[in-house]
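> coordinates only, sequence not included:
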């Protein structure tokens, strides 16, 4: 079994690629303290990527190395079942901590946009802010390990965490 140190990012590839690209951009800048080991760098898709079964097999292999998952929640994420819902279901089944990142910058669950499959499933809901994402990547997986999984809820950080990170707005 390989060491699980990757972050698996789930997003709407048609509408929210900009957010994923921005995260990769933050990671690439040497003067910015932001890093994550992207599970999507593993097992690149080949020309067989037109087959749904092939894509799901590759995504499954990538997720098997993940210690956490980020779902970028945009306007249409909750309506995507073919891959997004499938990926979220796999993360829940494998007890992978889910960091729900609201692209509209809500600091807690946005009931209008959150995919129903992760409502009340011990995900943490945060805004799309670099320092907050970095904080959640470091903080939430260890906290998730301590949870009583028979109790399910939607998590968010207190205002004091945002203040300590200089995110007062």
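That came through fine. Since the structure is predicted, the reported quantities are computational estimates derived from the model, not experimental observations.
> those helices in the protein, which residues are they?
Using DSSP state H, the helices of the chain run over residues 17-28, 52-63, 86-93, 130-145, 159-164.
> now do the residue nearest in space to the middle of the chain against residue 55, distance only.
Centroid-nearest residue in the chain: residue 70, 0.6 Å away (criterion: CA atoms, centre = their mean). The spacing between residue 70 and residue 55, counted by CB to CB, to the nearest Å, is 19 Å. Any C-beta I mention is one placed from the backbone N, CA and C, and that applies to glycine too.
> for residue 162, same thing?
Using CB to CB, residue 162 is found at 37 Å from residue 55.
> next one: residue 146
Applying CB to CB, the value for residue 146 to residue 55 is 34 Å.
> and the two? Which one has more around it.
Between residue 146 and residue 55, counted using other CB atoms under 10 Å, the more crowded position is residue 55 (16 against 6).
> give me the pLDDT value at that one.
With respect to pLDDT, residue 55 has a value of 71.
> taking helix 52-63 as reference, get the angle to the longest strand along the chain.
Longest strand of the chain, by residue count under DSSP state E: strand 66-73. Relative orientation of strand 66-73 versus helix 52-63 (axes from the mean of the first three to the mean of the last three CA atoms, to 10 degrees): 120 degrees.
> hmm, back to that, redo the helices of the chain as CSV? Include distance to residue 122.
CSV is the format used below for those (distance: least, CB to CB, whole Å):
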stretch, distance to residue 122
helix 17-28, 23
helix 52-63, 17
helix 86-93, 9
helix 130-145, 7
helix 159-164, 18
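> so which of those helices comes closest to residue 121?
Among these, helix 86-93 comes nearest to residue 121, with 5.9 Å by CB to CB.
> dump the residue contacts of residue 77.
Going by CB atoms under 8 Å, 6 or more residues apart in numbering, residue 77 touches 11, 12, 16, 71, 84, 113, 115.
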